[in-house]
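Visitor: Fold the following for me, if possible:
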Amino acid sequence: MEIPLLSDIVIILGLAVVVILLFQRLKLPTILGFLATGVIAGPHGLSLIQATHDIEILAEIGVILLLFIIGMEFSLKQLALIKRTVLLGGTAQVLLTIGLVSLVMIGLNYTWAEATFMGFLIALSSTAIVLKLLQDRSEINSPQGRVVLGILIFQDIIVVPMMLFTPLMAGGSEDISTALLIMALKGIFVIVFVLISARYLVPRLLYLVAKTKSKELFILSVVVICFAVAWLTSSLGLSLALGAFMAGLIISESEYSHQATSNILPFREIFSSFFFVSIGMLLDFEFLLQHLPIILLFSTLTFILKGLVATLAARILQYPLRISLLVGFSLFQVGEFAFILSKSGISSGLLSDETYQYFLSVSLLTMSVTPFVIGSYRKLADIVTKPFTTSKDALPFSHEASEAHGDIPDLDDHIVIIGYGINGRNVAKAAKHASIPYVIIELNAVTVKQERKLGEPIVYGDAVHSMILDHIHVNKARVVVIAISDPDATKRIIASVRSISDKVHVIVRTRFVQEIQENYLLGADEVIPEEFETSIEIFTRVLNKYLMPKDEIEMFTQLIRSDNYDMLRSLTSGRIPDHSKLSLELPDIEVASLRVYTSDSAIIDKTLLEADIRNKFRITIVAIKREKETLLSINAQTSIQKGDIIYVVGKPSDVMRFNNYLKDN
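Guide: Numbers count the residues shown, from 1 in each chain. I've put the predicted structure just below:
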């Protein structure tokens with residue numbers, strides 16, 4: 001029996017493999033590959049797909065799973081850490097975009113409802129594309145990365161109320177107050193249901209399921225929760241997507257959320273791929289070509305409008321102009337959740353077919369150019385800021401933040417710490433412990449305000465600018481530690497430091513080894529790449545496990561660092577410098593800690609002399625931990641008790657045999 005849908009699935013997935021392979025070679029995001037697959041296979045392309053309605057059903061499942069995962073990953077605790085960026089920055093970006101787009105659309109003779117809904121669509125950016133690109137560039141923890149993440153989180157949350165509000169805007173003659181009241185009552189019911197389920201029902205259910213240790217039953221239970229809540233909200237006249245998001249929230253605060261996410265993720269990837277393919281299938285390529293000048297005009301207008309609004313949102317958060325521009329160049333595109341929201345607009349009559357095609361074309365164009373813009377957004381930001389770059393640009397954006405500068409004492413022979421992330425904090429703690437004077441430069445105004453209250457000598461500013469460096473007396477410092485996640489800003493800071501002082505010792509933290517040489521050429525004295533330092537730390541612990549003498553381990557690590565990690569780089573080609581050949585004689589012995597489970601009277605409460613463990617098992621006991629006491633003076637009269645942790649030395653095979661004995665008898 002032939003199944004038409006099966007052939008369509010094979011065509012879509014097979015074509016997607018080819019297209020995405022090509023996109024990966026061009027270093028383009030996977031999501032664009034799925035969109036291109038839909039354009040090629042769709043009715044406006046090669047018409048390879050027949051059962052388009054069935055594909056839309058698969059796409060709807062993809063949307064449900066997509067929002068379900070977002071709900072599970074939505075943590076109130078994590079959100080609290082960047083709540084100011086999410087609430088203030090996200091609100092400013094979304095509301096300003098909606099307002100400006102609505103004005104433009106009303107000027108084009110659209111109704112207020114249609115104009116506002118178009119504002120909803122344009123306000124949303126692509127979480128999938130932008131975060132993937134920033135992760136690939138290791139910039140999620142950079143200042144611009146944190147702002148972008150916060151705004152995207154707000155957009156992902158606000159799309160749910162947008163879905164609820166869309167049918168009301170298209171209500172026509174329906175009493176809007178009654179509709180709002182009904183929606184509020186439904187919303188209250190859903191919230192109460194979520195709270196009760198999250199606190200009492202679901203944790204108990206998942207606990208009973210987890211006790212069975214059945215992976216299949218756990219996956220089935222999670223999927224049932226997802227689709228049951230989605231079906232419930234749909235029955236109430238709300239969206240399936242809202243129900244899926246609520247289902248994710250129900251599970252998110254439980255201890256089973258991570259396992260549930262890992263189980264559902266593969267299903268989401270498959271079904272969400274059908275969603276993006278289905279969006280591509282809707283694009284009328286002939287329409288795109290016929291209206292290309294207008295579409296390019298709208299795309300450019302979207303780029304400028306969204307970019308300026310996102311830049312302003314970052315400035316409101318008190319970030320310098322350059323960082324704010326990087327945020328603007330990251331969030332100018334129309335995102336995937338706008339596609340989900342657009343379906344509500346079509347069903348509510350707020351999007352005509354022609355407007356929808358314009359929207360699709362602009363969305364796909366802006367998404368397509370995003371990788372190229374982010375790839376060169378530093379150069380673009382430099383070009384834009386160059387005419388405006390003055391010493392004043394280094395200063396905070398608002399009066400409140402300007403107070404964060406404070407009065408820096410006339411320091412001398414101090415440490416300058418640039419960046420107050422994990423590495424910067426650790427350097428500050430070490431300096432404080434060693435009673436070495438230090439001063440910190442940080443771009444996050446909230447962090448500066450909080451840390452100054454705690455007594456930290458911290459100033460707000462961009463260390464790229466020489467005025468900030470002069471302010472903290474870098475010319476009198478002994479050491480400058482650059483501990484930020486922005487490789488381009490790091491290079492500019494090195495150059496700024498060297499323009500002021502040649503004698504200060506500059507230590508730079510980088511993520512990747514390919515950044516070492518350029519930083520040295522710019523004037524860094526030491527460059528510490530996390531990539532190799534992590535490898536050195538891992539291998540040091542490996543050598544410790546093999547009982548290599550500590551002085552030889554130290555000599556080995558110093559040798560690696562002395563040649564700027566040349567040894568590790570040369571290992572990839574099989575060449576090891578002669579001076580790096582070490583004589584490592586690793587003994588075939590193991591040191592292990594074993595717990596005594598056995599009740600065997602042959603050793604329990606017997607002295608080591610009576611138990612004769614050394615002769616029976618060929619191992620030596622060097623220490624015993626008994627409750628909170630550690631016995632180090634081991635002799636023939638020492639006894640073993642059940643529950644002891646004993647530390648033994650011997651050959652691995654003998655240690656294993658003795659360990660089995662302690663468990664099995």
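Visitor: gap between the two ends of stretch 122-139?
Guide: Taking C-alpha to C-alpha, to the nearest Å, the span from the opening residue of stretch 122-139 to its closing residue is 25 Å.
Visitor: What residues sit buried inside it?
Guide: When burial is assessed from 16 or more other C-beta atoms under 10 Å, stretch 122-139 yields the following buried residues: 122-131, 133-134, 137-139. Heads up, the C-betas are built off the backbone N, CA and C, glycines and all.
Visitor: Next secondary structure after the helix or strand residue 39 falls within?
Guide: In this structure, residue 39 sits in helix 30-41 according to DSSP states H and E. For helix 30-41, the succeeding helix or strand toward the C-terminus, using DSSP H and E, is helix 52-73.
Visitor: Check the offset of that following helix from the chain's centre.
Guide: Shown here is helix 52-73, whose average C-alpha point lies 22 Å from the average C-alpha point of the whole chain (C-alpha atoms, centre = their mean, to the nearest Å).
Visitor: what angle sits between that helix and helix 30-41?
Guide: Angle between the axes of helix 52-73 and helix 30-41 is 170 degrees (criterion: axes from the mean of the first three to the mean of the last three C-alpha atoms, to 10 degrees).
Visitor: For the stretch 151-300 of the chain, which segments count as strands?
Guide: Remark: no strands are assigned in the stretch 151-300 of the chain by DSSP state E, counting those that start in this stretch.
Visitor: which two in the buried residues of stretch 122-139 are spaced the farthest apart?
Guide: For the buried residues of stretch 122-139, the farthest-apart pair by C-beta to C-beta is 122 and 138; their separation is 29.6 Å.
Visitor: What's the separation between residue 499 and residue 522?
Guide: Using C-beta to C-beta, to the nearest Å, one gets 11 Å for the distance from residue 499 to residue 522.
Visitor: between the two, who's got more neighbours?
Guide: residue 522 (17 against 11; other C-beta atoms under 10 Å).
Visitor: The more buried one: what's it in contact with?
Guide: Taking C-beta atoms under 8 Å, 6 or more residues apart in numbering as the contact definition, residue 522 lies against 491, 494, 495, 498.
Visitor: So which of these belong to helices?
Guide: Counted as lying in helices by DSSP state H, out of the contacts of residue 522, are 491, 494, 495, 498.
Visitor: from those, which is closest to residue 631?
Guide: Each of the ones in helices among the contacts of residue 522 was scored against residue 631 by C-beta to C-beta, and residue 494 proved nearest at 54.4 Å.
Visitor: show me what contacts the closest one?
Guide: Contacts of residue 494 were listed using C-beta under 8 Å, 6+ apart, and they are 482, 506, 508, 519, 522, 523, 524.
Visitor: Reformat these as TSV; add distance to residue 466.
Guide: As requested, these are arranged in TSV below (distance: C-beta to C-beta, whole Å):
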residue	distance to residue 466
482	15
506	15
508	18
519	19
522	15
523	14
524	17
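Visitor: mind listing which of the residues you listed are in strands?
Guide: 482, 506, 508 (DSSP state E).
Visitor: For the second one, give me its contacts.
Guide: So that's residue 506. Residue 506 makes contact with 479, 480, 482, 494, 497, 498, 523, 524, 525, 526 under the criterion C-beta under 8 Å, 6+ apart.
Visitor: Only whichever of these are buried, select them in PyMOL.
Guide: The PyMOL command for the buried members of those (criterion: 16+ other C-beta under 10 Å) is given here:
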select buried, resi 479+480+482+494+497+523+524+526
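Visitor: Using CSV, lay out the contacts of residue 506 together with pLDDT and distance to residue 244.
Guide: Written out in CSV, the entries for the contacts of residue 506 read as follows (pLDDT from 0 to 100; distance: C-beta to C-beta, whole Å):
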residue, pLDDT, distance to residue 244
479, 92, 52
480, 93, 50
482, 92, 44
494, 92, 48
497, 92, 51
498, 91, 54
523, 90, 53
524, 91, 49
525, 88, 54
526, 86, 51
